[in-house]
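1. I'll drop the sequence and a predicted model, then ask my questions.
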Amino acid sequence: MSQAHTIAILPGDGIGPEVTAQAVRVIDALNERHSAAISYEQAPFGGAAYDLHGVPLPDTTLDLARRSDAILLGAIGGPKWESIERSLRPERGLLGIRSELNLFSNLRPAILYPELADASTLKPEIVSGLDIMIVRELTGGIYFGQPRAIEQTEQGERRGFNTLVYTEPEIRRIAHSAYTIAMQRDKRLCSVDKANVLESSELWREIVTDVGKAFPEVELSHMYIDNACMQLIRSPKQFDVLVTGNLFGDILSDAASMLTGSIGMLPSASLDENGKGMYEPVHGSAPDIAGKNMANPIATILSLAMLLRSSFERADLADIVESAVRSVLKSGMRTGDIAKPGEPTVSTSEMGDAILAAIPVATNSN
Ligand code: IPM
Ligand code: MG
């Protein structure tokens, strides 16, 4: 009998509730068909929590997240909350939970599924077989640096400013995380910075290099962020693992996701020092298609697979989920975001139905 695991489900805003609903069906199926013993509880987060409780990250939601073994998040934000006070916006809830739970290591894989090779805007020979991992520092850098403000100068002009700061321990732990991941892959790590201009990057480069002494098998390279953006589009398969700071990682990971043609396919994990994590699709809340049962639930379902593998150490269940997704893609089933022009499309819930149908029933129960 496997030990019970708990997941906090935070559906959030926009398409978040629709896509997480499909992941919940997958959990139910794993419980029924594979005695997975996963329990879950939902809580409001982001704009939905603001509407209910006046804050994007209510204490009860944070408590649930702390108590649970892992967190599965849909998406947050939307035009409805764009004009409210900055400190109450959905995005602040997301930054708040990352920081409160110390989820400093953000893993954003960009994998091209062979079935979707022609969904990319890049030539097939540039992207086929693409499999890169972006390791983004998530709780430091300019996103959190102090001081920050919009203020009035003595001359009566307004001035907006933020601070880009990285401490040595912050760089050390994300570097360690990235080398560890590189060791499990092709053992090539590219650190991305702007060391030709920024002091924080100069320290970043020095520390990443130093941490590498403990990982002699990993081949380390350094690249400036502007060049890395260019190389990612020019010849993305040169990369195995990329490690970078919060803001550069935000930008690079959106660019990388588009190489695969479909941001609707990509999962992500944000982990703390002990491997506890929050898992979420890389895509956002897509307000334009919210509530229309059109969104692709695959990124969220693959986020669940990542959760099962990394936080629950249930590679067996993760494999089941991932092969169900692959077989559905092989069968040609497509939501709008991954369909070729003119190709028939299915709804969010139909995609969920098909994935559920592809999850086998365990032959022997133990
Ligand atoms: C992401 C998003 C967030 C970020 C926003 C919604 C705060 O773009 O997860 O990449 O910038 O980190
Ligand atoms: Mg982003």
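-> Perfect, thanks for sending it. Residues are numbered from 1 along each chain as shown. Ligands and ions are numbered 1, 2, ... in the order given.
2. Report the closest residue of this structure relative to ligand 1.
-> Of all residues in the chain, the one sitting closest to ligand 1 is Glu91 (3.9 Å; CB to the nearest ligand atom). Yep, even glycine has a C-beta here, placed from its N, CA and C like the rest.
3. With adjacent residues omitted, what lies nearest to that residue?
-> Spatial nearest neighbour of Glu91, excluding adjacent residues (CB to CB, 6 or more residues apart in numbering): Gly77 at 5.9 Å.
4. cool, Gly93 as well?
-> Nearest residue to Gly93, sequence neighbours excluded (CB to CB, 6+ apart): Pro56, at 2.9 Å.
5. need the contact list for that neighbour.
-> Counting by CB atoms under 8 Å, 6 or more residues apart in numbering, Pro56 touches 45-47, 49-50, 76, 88-94, 96.
6. Tell me how many other residues crowd Arg66.
-> Residues within reach of Arg66, counting by other CB atoms under 10 Å, total 13.
7. Check which helices and strands the host helix or strand of it is in contact with.
-> Using DSSP states H and E, Arg66 falls within helix 59-67. Helix 59-67 is packed against strand 5-12, helix 90-100, with contacts defined by 3 or more CB pairs under 8 Å, 6 or more residues apart in numbering; DSSP states H and E.
8. Please compute how far it lies from its chain's middle.
-> Here helix 59-67 is found 20 Å from its chain centre; the criterion is CA atoms, centre = their mean, to the nearest Å.
9. List the contacts of that helix.
-> With contacts defined as CB under 8 Å, 6+ apart, helix 59-67 is touched by 6, 8, 10, 41, 43-45, 49, 71, 96-97, 100-101, 278.
10. Can you give the contact residues for the helix or strand just after it?
-> Per DSSP H and E, the first helix or strand lying C-terminal to helix 59-67 is strand 70-75. Here strand 70-75 makes contact (CB under 8 Å, 6+ apart) with 5-17, 19-20, 23, 40, 45-46, 65, 97, 101, 276-281, 283-286, 300, 303-304, 307, 311-312.
11. Compute the inter-axis angle for strand 70-75 and helix 59-67.
-> Counting by axes from the mean of the first three to the mean of the last three CA atoms, to 10 degrees, strand 70-75 lies at 130 degrees to helix 59-67.
12. Now stretch 19-28: average pLDDT?
-> Per-residue pLDDT values over stretch 19-28 give a mean of 98.
13. Which strands or helices does the worst-scoring helix or strand of the chain on mean pLDDT pack on?
-> Among the helices and strands of the chain, helix 124-127 carries the lowest confidence by mean pLDDT, DSSP states H and E, at a mean of 91. In terms of contacts (3+ CB pairs under 8 Å, 6+ apart), helix 124-127 is not packed against any helix or strand.
14. buried ones in it?
-> Val127 (16 or more other CB atoms under 10 Å).
15. Quick one: mean pLDDT over the helix or strand just after that helix.
-> Next helix or strand after helix 124-127 toward the C-terminus (DSSP H and E): strand 131-137. Mean pLDDT, computed over strand 131-137, is 97.
16. Which residues does the next helix or strand after strand 131-137 contact?
-> Counting by DSSP H and E, the next helix or strand C-terminal to strand 131-137 is strand 149-152. Contacts to strand 149-152, defined as CB under 8 Å, 6+ apart, come from residues Arg158, Arg159, Gly160, Phe161.
17. Now do the contacts for the residue most central in space within the chain.
-> Closest to where the C-alpha atoms of the chain average out (CA atoms, centre = their mean) is Ser268, at 2.6 Å. Contacts for Ser268 (CB under 8 Å, 6+ apart) come out as Asn106, Leu107, Arg108, Pro109, Ser253, Tyr279, Glu280, Pro281, Val282, Ser303, Met306.
18. Dump those into JSON lines; add secondary structure, distance to ligand 1 and neighbour count as well.
-> Formatted as JSON lines, the contacts of Ser268 follow (DSSP: H, G, I helix; E, B strand; the rest coil; distance: CB to the nearest ligand atom, whole Å; neighbours: other CB atoms under 10 Å):
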{"residue": "Asn106", "secondary structure": "strand", "distance to ligand 1": "8", "neighbour count": "25"}
{"residue": "Leu107", "secondary structure": "strand", "distance to ligand 1": "12", "neighbour count": "23"}
{"residue": "Arg108", "secondary structure": "strand", "distance to ligand 1": "8", "neighbour count": "23"}
{"residue": "Pro109", "secondary structure": "strand", "distance to ligand 1": "14", "neighbour count": "22"}
{"residue": "Ser253", "secondary structure": "helix", "distance to ligand 1": "6", "neighbour count": "23"}
{"residue": "Tyr279", "secondary structure": "strand", "distance to ligand 1": "12", "neighbour count": "26"}
{"residue": "Glu280", "secondary structure": "strand", "distance to ligand 1": "8", "neighbour count": "28"}
{"residue": "Pro281", "secondary structure": "strand", "distance to ligand 1": "10", "neighbour count": "29"}
{"residue": "Val282", "secondary structure": "coil", "distance to ligand 1": "7", "neighbour count": "23"}
{"residue": "Ser303", "secondary structure": "helix", "distance to ligand 1": "12", "neighbour count": "26"}
{"residue": "Met306", "secondary structure": "helix", "distance to ligand 1": "15", "neighbour count": "22"}
